[in-house]
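J.: My questions concern the predicted model and sequence given below.
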Amino acid sequence: MNRDRHWAAVGYWALTGLVLVVAATLAIRAPVDPVMGPIQKLLYLHLPVAVNALLAAGVVFVASVAMLGGKRQPWQDLAHAAAVVTLLNGTVLLVTGVLWAKVAWGVWWTWSPRLTFSLVLWMLYAGYLIVYGRIASVTTRATVTAVYGLVAFIDVPLLYLTAKLLPDVHSRGLGITPEMQPALWMWFLAMTLVSGGLIDARFRIDRGAARRWLLEHRRSIGGPTAGVLQ
């Protein structure tokens, strides 16, 4: 079983690497925007990581709901793994955003609704990971982080609605010509594969740590160890 998982992971990341190479090649070959210039190509990364940050936050939300329903350790591990990936995507989103802003608007940052809620998203999930790491009790941590995950998710629809409804310095049109679309869609595929793979990898790390902790705990109290956290 472990060997099958190993080769499945190798195949998955080999495919992901291939898609990334194709995506990078398409981005390099895509035409340069006549107004923005080469910086416009950041959009190929910026937009997919934004969407994947919201999707990963959605995974945290679903796992948090399940955690409150049953408080099973695997759901806590999944929520934690997805929160890590939400923060990673949020970091790339903000970094590419400020680079874009400096070229497009002449400033590194402006407190527009979309940028503000993007920063709030990053701060919320950074806070999630801090809270997760500070609570030693498994039961208490499950309850607190589950509630936190539900509350933090409120920022996701707010961010989406501000992008759709409120005036912003961002242009509503993406400026994507038909010649640019293959690169953008390939980057969507690439970053979705990366995000999914990272969630799975982090989840398996957390599951392994949880199994080892429970096994050691049961041994210390002389309890049964068969079928630990299956």
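T.: That came through fine. Residues are numbered from 1 along each chain as shown.
J.: Which residues are in contact with L129?
T.: The contact partners of L129, by Cβ atoms under 8 Å, 6 or more residues apart in numbering, come to 80, 83-84, 87. Every residue, glycine included, has its C-beta placed from N, CA and C.
J.: measure stretch 103-110 end to end?
T.: This stretch, stretch 103-110, spans 13 Å end to end (Cα to Cα, to the nearest Å).
J.: sorry, back to before: go through the contacts of L129 and name the one nearest P74.
T.: Comparing the contacts of L129 against P74 with Cβ to Cβ picks out H80 as the nearest, at 10.7 Å.
J.: Tell me the spatial nearest neighbour of L150, not counting adjacent residues.
T.: S64 (5.2 Å; Cβ to Cβ, 6 or more residues apart in numbering).
J.: what pLDDT does that neighbour get?
T.: Listed pLDDT for S64 reads 95.
J.: Could you give the number of residues near it?
T.: 27 (other Cβ atoms under 10 Å).
J.: what residues are up against it?
T.: 75, 79, 145-150, 153.
J.: Turn these into a markdown table, including neighbour count and pLDDT.
T.: Formatted as a markdown table, the contacts of S64 follow (neighbours: other Cβ atoms under 10 Å; pLDDT from 0 to 100):
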| residue | neighbour count | pLDDT |
| --- | --- | --- |
| W75 | 20 | 92 |
| A79 | 28 | 96 |
| T145 | 24 | 94 |
| A146 | 23 | 94 |
| V147 | 13 | 95 |
| Y148 | 20 | 96 |
| G149 | 28 | 95 |
| L150 | 15 | 96 |
| F153 | 22 | 96 |
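J.: need those residues in CSV with secondary structure and distance to V98, can you?
T.: What follows is the contacts of S64, written out as CSV (DSSP: H, G, I helix; E, B strand; the rest coil; distance: Cβ to Cβ, whole Å):
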residue, secondary structure, distance to V98
W75, helix, 35
A79, helix, 29
T145, helix, 29
A146, helix, 33
V147, helix, 32
Y148, helix, 27
G149, helix, 27
L150, helix, 30
F153, coil, 25
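J.: picking up where we left off before, show me what counts as buried in the strand or helix carrying the residue nearest to L150.
T.: Using DSSP states H and E, S64 sits in helix 43-70. Using 16 or more other Cβ atoms under 10 Å as the burial criterion, the residues of helix 43-70 that qualify are 43-50, 52-57, 59-64, 66-67.
J.: for stretch 126-142, same thing?
T.: Quick answer for stretch 126-142 (16+ other Cβ under 10 Å): 128, 132, 141-142.
J.: In helices only, show me the residues you listed.
T.: Judged by DSSP state H, the subset of the buried residues of stretch 126-142 located in helices is 128, 132, 141-142.
J.: Just give me the closest of these to M191.
T.: Of all these, Y128 has the smallest distance to M191: 21.1 Å, by Cβ to Cβ.
J.: right, and the closest one touches V60 too?
T.: Yes: Y128 is within contact range of V60, at 7.4 Å (criterion: Cβ atoms under 8 Å).
J.: what is in contact with those two at once?
T.: Common neighbours of Y128 and V60 (Cβ under 8 Å, 6+ apart) are 83, 149, 152.
J.: Cheers, nothing more for now.
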